[in-house]
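Novice: generate a structure from the sequence data that follows.
(one chain, ligands or ions: 2)
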Amino acid sequence: MSTSHSLSGGCACGAVRYETNVNPVLMLNCHCRACQSASGSAYAPLVVVPKDGLRLLGELRYHRKIGDSGKAVERGFCPNCGSQVALKLERMPDVIALQAGSLADPAQYQPSMDIFTESAQPWDHMNPGSRKCQQGLAV
Ligand SMILES: [Zn+2]
Ligand SMILES: [Zn+2]
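Specialist: Ligands and ions are numbered 1, 2, ... in the order given. Here you go, the predicted structure:
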């Protein structure tokens with residue numbers, strides 16, 4: 001397994017790329033309804049990194065929506081191929097969350113937490129060893 005913490009990745013068509021050498025702050029699966037409907041899947045696998053350390057090549061289009069917290073969540077996707085790449089949280093302005101499936105090496109994703117588990121679907125499966133939060137993070 002690689003000991004390097006550098007991460008890179010991008011969208012399906014290659015128009016949007018990113019890279020960072022800064023260690024992720026957190027890796028978690030978000031099972032909230034908004035992540036389900038935006039991804040068309042069971043949850044969003046998110047790599048939270050400091051915004052300052054991220055180099056974004058190409059332009060994402062953002063869909064902005066007010067979340068359950070009353071603060072906006074912006075989901076960044078490639079305008080060409082539609083891949084979700086990154087997510088911005090109004091209440092955590094210093095970080096950006098990368099969609100783990102967009103990583104060049106998705107095996108670098110090692111989630112330690114599951115959040116909004118109360119919204120998880122019966123057909124969703126979670127790691128029994130991860131920390132669980134019924135709702136969001138207390139941040
Ligand atoms: Zn693309
Ligand atoms: Zn979510």
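
Novice: use CA for all of it now, contacts and neighbours both
Specialist: OK.

Novice: number of nearby residues for residue 24?
Specialist: 20 (other C-alpha atoms under 10 Å).

Novice: in three-state terms, label it for me.
Specialist: coil (DSSP: H, G, I helix; E, B strand; the rest coil).

Novice: for this structure, what lies in contact range of ligand 1?
Specialist: 11, 13, 15, 78, 80, 81 (C-alpha under 5 Å from the ion).

Novice: let's check: the centremost residue of this protein is which one?
Specialist: For the chain, the residue nearest the mean C-alpha position is residue 46 (2.7 Å; C-alpha atoms, centre = their mean).

Novice: returning to that earlier point: farthest-apart pair in the residues of the chain next to ligand 1, please.
Specialist: 11 and 80 (9.3 Å; C-alpha to C-alpha).

Novice: quick one on the thing from earlier: can you turn the buried part of the residues of the chain next to ligand 1 into a PyMOL selection?
Specialist: Only the buried entries of these go into this PyMOL selection, using 16 or more other C-alpha atoms under 10 Å:
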select buried, resi 11+78
